[in-house]
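Novice: take a look and give me a structure for this.
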Amino acid sequence: MSSSDDSDLAYASIATLASLVDSGAMTSVELVAGAVERIARLDNGPHGISAVLAVDPEALTIAADRDAERRSGRVRGPLHGVPVLVKDNIETAGVLGASAGSLALASVPVEEDAPVVTLLRRAGAVVIGKSNLSEWANFRSRHSSSGWSAVGGQTRNPHALDRSPGGSSSGSGAALAAGFVPLAIGTETDGSIVCPASLCGVVGMKPTHGAIDARGVVPLAASQDTIGPMGRSVADVAVALDWLMPRRAAGGARSGAAGGFASAAIPGSLAGLSVGIAREHYTGFHSAADSLLERAREALAARGAAIVDPVDVPTAAALAAWVDEMLVMMVEMRHGLDHYLADRDAGFSRCPSSLSDLVAFNEAHHDAELAVFGQDILVDALVAGDLESEAFLGAFSRNRDRARRLGLDAALDGTGGTGGTGGMAGTGGMAAAPVSTPRVDVIMTLTMGPAWLIDQVNGDPSVPASSTPAAVAGYPTISLPIGLVRGLPVGASLIGRPHAEELLLRVAAALENELGLELRPGFLPSVPIV
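Specialist: Predicted coordinates:
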């Protein structure tokens, strides 16, 4: 593969595709056929991307129906006839199902679409297939390889095929980077949208927890599981949000109406807004990535934002230790999977009916399921306790308090410690004198550094990442590309208060426009040695 495989159409925005179809220059059938062909050409084989688990054999028929609707004068909105991929832990009726990457669920049908899939179809989108993921949303083993599942194999990063795409929405991020579709749907419990978005050089939004109906998602931890759109631009993510989540407006919530989030994503001035730069715990690990964050900082300032640098998330270290969060997730996973599998097992005896059954299934299919890495987290979850236990309730309370009141709330409200009002403390220069930190509207920091090498022997390395506070708090965050390090994308995360999606989109759109990046992967075997 080479960059010659790229095409302008494969990387066109949703607005451009809608314009082409509206003008009659293309049909939805042609759009979907092109996506299916590109997937067949670039996704398969030992050196392919392996981002797509399944393609709907009815995709072209659905696209033809969308074309017929358009000819009759019915256009549902900007997603009408646009091809979309959905992560395969989200239930999709018929042959696409929802495997969570596991052979235990791969052949078990799903009778109804998850609400988010229903909304996509209502918007006119063509769900052409399911994207690969880190099996069980990357919560099966402490030594996992992000992007690997028994059903789909190892997803690869289109920028360098020996590099990780991140997890667990690996296939969604890699498919976007590879130009398969303009929009994909991911899920996040902690980092599973923003991590692959950062590593693959795309945009990923984790909305406020509960803002998008998460029913029909194979559960991990109910208190954190969140559905979110991923795209190649802030505008494309915003278009999806207009259909996938109710807007909080003066007149009440509404859903499925164009204009709200999309309007917020039009680049403009940031005058009157303040952005705090979170450095401690998230920077200082990779100098080139840190330099990109400085460039993003300058870009926001150029758009009129007041920069508060640094701001401190006082509980970042305690949250990063993952002790309480691990217990919460294991207990919630056992509870959630026991109920989910029992319901899905009804009428299908080949489906495990509990977490205990799942562990036994994996052992019985060791060569296929456990040859790459084990299931130590699932085993530990069996004895982690229940939702009423003192250990769980204590861990949940401490974890939530650290993420919200003592963590992000303190950082956003200026009660988290000392800082500056525009200096460069924490970047090697003279630290600012201790002063009270001003209140900020948005926090910005690195999502994480460049993609690491895929390692199916040792698993993923432990790398600094900034997803945990927003994930545990249930607050919204968006990751977008801010540059390349040796050809590998690096993303910055913007974090806000609950239901601040429009504000985050506004800041992200201005930053994206100011940076002016266009990241198309080279499908290189590896990063060139210099």
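
Novice: use CA for all of it now, contacts and neighbours both
Specialist: Fine.

Novice: burial measure for the nearest residue to Leu519 once chain neighbours are set aside, as a count.
Specialist: Of all residues not flanking Leu519 in the chain, Gly201 sits nearest, at 6.6 Å (CA to CA, 6 or more residues apart in numbering). For Gly201, the count of nearby residues is 35 (other CA atoms under 10 Å).

Novice: and Gly201, how far from Val181?
Specialist: Distance of Gly201 to Val181, computed by CA to CA, to the nearest Å: 14 Å.

Novice: now do Ala104
Specialist: Using CA to CA, Ala104 is found at 28 Å from Val181.

Novice: now Leu370
Specialist: 31 Å.

Novice: more neighbours: the two, which one.
Specialist: Taking neighbours as other CA under 10 Å, Leu370 and Val181 compare with Val181 leading, 30 against 15.

Novice: wait, the more buried one sits on Gly81?
Specialist: No. Counting by CA atoms under 8 Å, Val181 stays clear of Gly81, with 11.8 Å between them.

Novice: low-confidence ranges, the stretch 351-500 of the chain, go.
Specialist: Along the stretch 351-500 of the chain, segments meeting pLDDT under 70 span 417-436.

Novice: the helices in it, which residues?
Specialist: Counting by DSSP state H, counting those that start in this stretch, one finds helices in the stretch 351-500 of the chain at the ranges 355-364, 366-369, 376-382, 390-403, 409-413, 468-473.

Novice: which parts of the fourth one are buried?
Specialist: What it means is helix 390-403. Using 16 or more other CA atoms under 10 Å as the test for burial, helix 390-403 gives Phe392, Ala395, Phe396, Asn399, Arg400, Asp401, Arg402, Ala403.

Novice: tell me the helices and strands packed up against that helix.
Specialist: Applying 3 or more CA pairs under 8 Å, 6 or more residues apart in numbering; DSSP states H and E, we find helix 390-403 packed against helix 316-320, helix 323-345, helix 468-473.

Novice: list the contacts of the second one.
Specialist: Same thing as helix 323-345. With CA atoms under 8 Å, 6 or more residues apart in numbering as the test, helix 323-345 has contacts from 218-223, 319, 351-355, 377-378, 380-382, 384-387, 392, 395-396, 398-399, 472.

Novice: repeat for the last one
Specialist: Counting by CA under 8 Å, 6+ apart, helix 468-473 makes contact with 188-191, 223-224, 316, 319-320, 325, 399-400, 403-404, 407-408, 476-477, 495, all of which sit outside it.

Novice: with only the CA atoms kept, save it in PDB.
Specialist: Provided in PDB are the C-alpha atoms of helix 468-473 (Å, rounded to 0.1, in the frame of the first residue of the first chain):
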ATOM      1  CA  THR A 468      -9.400   9.100  33.200                       C
ATOM      2  CA  PRO A 469     -10.700  12.200  35.000                       C
ATOM      3  CA  ALA A 470     -13.400  12.900  32.400                       C
ATOM      4  CA  ALA A 471     -14.200   9.200  32.000                       C
ATOM      5  CA  VAL A 472     -14.800   8.700  35.700                       C
ATOM      6  CA  ALA A 473     -16.500  12.000  36.200                       C
END
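
Novice: begin at 21 from here
Specialist: Done: numbering now begins at 21, and the last item shifts to helix 488-493.

Novice: find the nearest non-adjacent residue to Leu62, please.
Specialist: Using CA to CA, 6+ apart, the nearest residue to Leu62 is Gly68, at 5.7 Å.

Novice: angles on the backbone of the one you found, please.
Specialist: Reported as degrees, to the nearest 10, the phi and psi values for Gly68 are phi -80, psi -180.

Novice: swap in Ala32?
Specialist: In terms of degrees, to the nearest 10, the main-chain angles of Ala32 are phi -70, psi 150.

Novice: so it makes contact with Val201?
Specialist: No. Applying CA under 8 Å, one finds Ala32 not in contact with Val201, separated by 9.2 Å.

Novice: which residue comes closest to Ala195 once chain neighbours are left out?
Specialist: Ala71 (5.6 Å).

Novice: any idea how many residues pack against the one you found?
Specialist: Ala71 sits with 36 neighbouring residues when counted by other CA under 10 Å.

Novice: quick one: pLDDT of it?
Specialist: pLDDT recorded at Ala71 is 98.

Novice: what sits against it?
Specialist: Contact partners of Ala71, counting by CA under 8 Å, 6+ apart, are Asp63, Ser151, Asn152, Leu153, Gly172, Thr175, Arg176, Ser190, Gly191, Ser192, Ala194, Ala195.

Novice: now Ala284
Specialist: Residues in contact with Ala284 (CA under 8 Å, 6+ apart) are Ala258, Glu522, Leu523, Leu525, Arg526.

Novice: now tabulate these in CSV and tack on pLDDT, secondary structure and neighbour count.
Specialist: Putting those into CSV (pLDDT from 0 to 100; DSSP: H, G, I helix; E, B strand; the rest coil; neighbours: other CA atoms under 10 Å) gives the following:
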residue, pLDDT, secondary structure, neighbour count
Ala258, 98, helix, 29
Glu522, 97, helix, 20
Leu523, 98, helix, 20
Leu525, 98, helix, 26
Arg526, 98, helix, 24
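
Novice: quick check: the two most widely separated of those residues?
Specialist: Farthest-apart pair in the contacts of Ala284 is Ala258 and Leu523; separation 11.4 Å (CA to CA).
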